[in-house]
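Colleague: can you look at this prediction? I've put the sequence above it.
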Amino acid sequence: MPGQDLTPEEFRRVGHQVVDWIAQYRETIEQRPVRVEVKPGSVRAQLPDRLPERGEPFDALLDDVDGVLLPGLVHWQHPSFFGYFPANASLASALGDLLSTGLGVQGMLWSTSPAATELEQHLADLLVPALGLPAAFGTAAGGGGMITEASSSANLVALLAALHHASDGDWQARGVDRREVVYVSAHTHSSMEKAARIAGIGSTAVRVVDSDPDTAAMLPDALEAAVAEDLAAGRRPVMVCATVGTTSTGAVDPVRAAGELCARHGIWLHVDAAWAGVATVCPEFRHLIDGLELADSYCTDAHKWLLTAFDCTLLWTRRPGVLTSALAVVPEYLRNAASESGAVVDYRDWQIPLGRRFRALKLWAVLRWYGLEGLRAHIRGHVSLASEFASWVAASDDFELAAPPLLGLVCLRARGGDDATRTIMERVNATGRAVLTHTVVDGRYLLRVAIGGLNTERRHVEALWRELQAVRASHGGPEPSGAASST
């Protein structure tokens, strides 16, 4: 009936239709182009000019999803999507998300949904040993973790906590004085500069520290010199952001060296491991976070490589009191006995918005369905494929490795230079058989191959390598090299 929600019986019927549609989409996704060329405005041109006055059957919506939206989508769950970083939305997490949406609860306060808060808190604590994180990030040791929407948000929250820490709390009432400095490398995610703008200290407060020309990692001596210079000039070092697995090339900043410097000067150390952090579910990759016990905050994305549908970023801090002091504002209408008792966590004080989705439920679904063994197998399989792909590139006459490979990320370029590399990416993407993305490092145009898709197998990586070689040959390069036979 118009103006009324579905009845439970209608929901069962339509819900089965939607689940069947999703299952069919995932079952046939490999038969679709990863992406097609779409002209700006072409999707809107197919949409109705006005909203319906009377409600329509759900079938009509599904028809338009099929006919109008699907042709205009990039299929991120396609096994030949190698761009950016993986965005694994496992069907297990989709079901967990459906449960969360069906419950429709708000987890802004413990009192508004106690189970939502306590499940989130419990999962964050259980993931501390599962990911090999320092015990200080767990609740029992005085730390704590939470789930937010993205690492961009986690970076902003960490910066606000750092500003509060650097001003001994004065920042909360008085704001910034434009002497603050945040230290990053040229490869730190752009969200850190945006966080500085939002926090009011501005882009000029972000100081770029020199990086190693070979590894692209922040240089500890350069960081030490920058901090000393700023202190001598009367500026206030607020935070160092160290990255484990940069977006461009997967570079790993020296967490321990940065942490030791920060400890000497009372500077907040935030470690952004958005993509690479979840790999430490495998013990053999925990060297990447060496020195993390010196960090004040740490984030990683379950929605990139840990099989959990967007959005699901994990943020831990060993100083939750500083974080909540920086962010807490308590109007009368949110006061309640549980919060006043101090015995509960109110996650609204850990983030920018008030409202909170029940994200923990989809993460819990993934952890229970796959188990830690399943997650390790998922990560290790992609790392092995990336290592093999890198060996083909290294043995090639027409391509070269452009950065040290890390985990599932391989950066390469055509030996013909930037123009050839750019043309190859454009032509490969235009085929619809794979999608790559690029970066520019030290003026060089690089192709990024991020191997980590939910259903990506060796045959998909082999097909990509053949495509790259074929396009290179057609662009005037040498015939496919002997490395092709390795596939």
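Modeller: Alright, I've got the coordinates.
Colleague: quick check: Ala274 touching Ser151?
Modeller: Yes - between Ala274 and Ser151 a contact is recorded at 3.9 Å, counting by CB atoms under 8 Å. Quick note: C-beta positions are derived from backbone N, CA and C, even for glycine.
Colleague: overlap in contacts, these two.
Modeller: Listed as contacting both Ala274 and Ser151 by CB atoms under 8 Å, 6 or more residues apart in numbering are His189, Cys299, Thr300, Asp301, Thr313.
Colleague: could you export those as a markdown table, including distance to His287?
Modeller: Compiled in a markdown table, these are given as follows (distance: CB to CB, whole Å):
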| residue | distance to His287 |
| --- | --- |
| His189 | 22 |
| Cys299 | 19 |
| Thr300 | 16 |
| Asp301 | 20 |
| Thr313 | 23 |
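Colleague: quick one: which of the residues you listed has the most company?
Modeller: Greatest neighbour count in these, by other CB atoms under 10 Å, goes to Thr300: 29 neighbours.
Colleague: what residues does the residue lying closest to that one once chain neighbours are set aside make contact with?
Modeller: Excluding the flanking residues, the one nearest Thr300 by CB to CB, 6 or more residues apart in numbering is Gly277, at 2.8 Å. Contacts for Gly277 (CB under 8 Å, 6+ apart) come out as Leu131, Val244, Gly245, Ile289, Tyr298, Cys299, Thr300, Asp301.
Colleague: next helix or strand past the lowest-mean-pLDDT helix or strand in the chain?
Modeller: Scoring the helices and strands of the chain by mean pLDDT, DSSP states H and E places helix 170-174 at the bottom, with a mean of 69. Later in the chain than helix 170-174, the nearest helix or strand by DSSP states H and E is strand 180-185.
Colleague: partner strands of that following strand and their direction?
Modeller: strand 206-209 (parallel), strand 236-243 (parallel) (DSSP bridges).
Colleague: show me how far that strand is from its chain's centre.
Modeller: Relative to the chain's own centre, strand 180-185 is displaced by 21 Å; criterion: CA atoms, centre = their mean, to the nearest Å.
Colleague: how far out from the middle of the chain is the following helix or strand past that strand?
Modeller: Note on strand 180-185: by DSSP H and E, the next helix or strand toward the C-terminus is helix 191-199. Distance of helix 191-199 from its chain centroid, counting by CA atoms, centre = their mean, is 17 Å.
Colleague: got the contact list for helix 191-199?
Modeller: 150-152, 155-156, 159-160, 163, 176, 182, 184, 202-203, 205-206, 241, 272.
Colleague: regarding this structure, what is its longest helix?
Modeller: helix 360-394 (DSSP state H).
Colleague: ends of stretch 320-337, how far apart?
Modeller: 21 Å (CA to CA, to the nearest Å).
Colleague: kindly report the same for stretch 302-320.
Modeller: Terminal residues of stretch 302-320 lie 21 Å apart, using CA to CA.
Colleague: where does the protein dip in pLDDT?
Modeller: By pLDDT under 70, the weakly predicted segments of the chain are 1-3, 171-176, 475-487.
Colleague: what ranges do the strands span in it?
Modeller: 144-148, 180-185, 206-209, 236-243, 268-272, 297-301, 313-317, 399-401, 409-414, 437-441, 444-450 (DSSP state E).
Colleague: mind listing what's buried along stretch 247-265?
Modeller: Neighbour-count burial for stretch 247-265 flags 247-259, 261-262 (criterion: 16 or more other CB atoms under 10 Å).
Colleague: try stretch 235-242
Modeller: For stretch 235-242, burial by neighbour count (16+ other CB under 10 Å) applies to Arg235, Arg236, Pro237, Val238, Met239, Val240, Cys241, Ala242.
Colleague: please report how far the fourth one lies from Ala326.
Modeller: Right, Val238. Distance from Val238 to Ala326, counting by CB to CB, to the nearest Å: 12 Å.
Colleague: pull up the overlap in contacts between the two.
Modeller: Leu163.
Colleague: partner residues bridging Cys241?
Modeller: Beta-bridge partners, per DSSP bridges, of Cys241: His270.
Colleague: that one and Tyr183 touch, don't they?
Modeller: Yes - between Cys241 and Tyr183 a contact is recorded at 7.0 Å, counting by CB under 8 Å.
Colleague: what sits against Asp230?
Modeller: Residues near Asp230 by CB under 8 Å, 6+ apart: Val181, Arg207, Arg236, Pro237.
Colleague: tell me the one among those residues nearest to Ala403.
Modeller: When the contacts of Asp230 are ranked by distance to Ala403 (CB to CB), Arg207 comes first, at 23.6 Å.
Colleague: number of residues surrounding the closest one?
Modeller: Neighbour tally, Arg207, other CB under 10 Å: 17.
Colleague: isn't it up against Glu180?
Modeller: No - judged on CB under 8 Å, Arg207 makes no contact with Glu180 at a distance of 10.3 Å.
Colleague: hang on, Val345 packs against Trp110?
Modeller: Yes - counting by CB under 8 Å, Val345 touches Trp110, with 6.2 Å between them.
Colleague: any common contacting residues for these two?
Modeller: What both Val345 and Trp110 touch, as defined by CB under 8 Å, 6+ apart, is the set Thr117.
Colleague: related to what we said a few turns ago, closest to Cys282 among the shared contacts of Ala274 and Ser151?
Modeller: Cys282 has its nearest neighbour among the shared contacts of Ala274 and Ser151 in Thr300, at 13.5 Å by CB to CB.
Colleague: that older thread, mind listing what's buried in the longest helix of the chain?
Modeller: 360-367, 370, 375-376, 378-383, 385-386, 388-390, 392-393.
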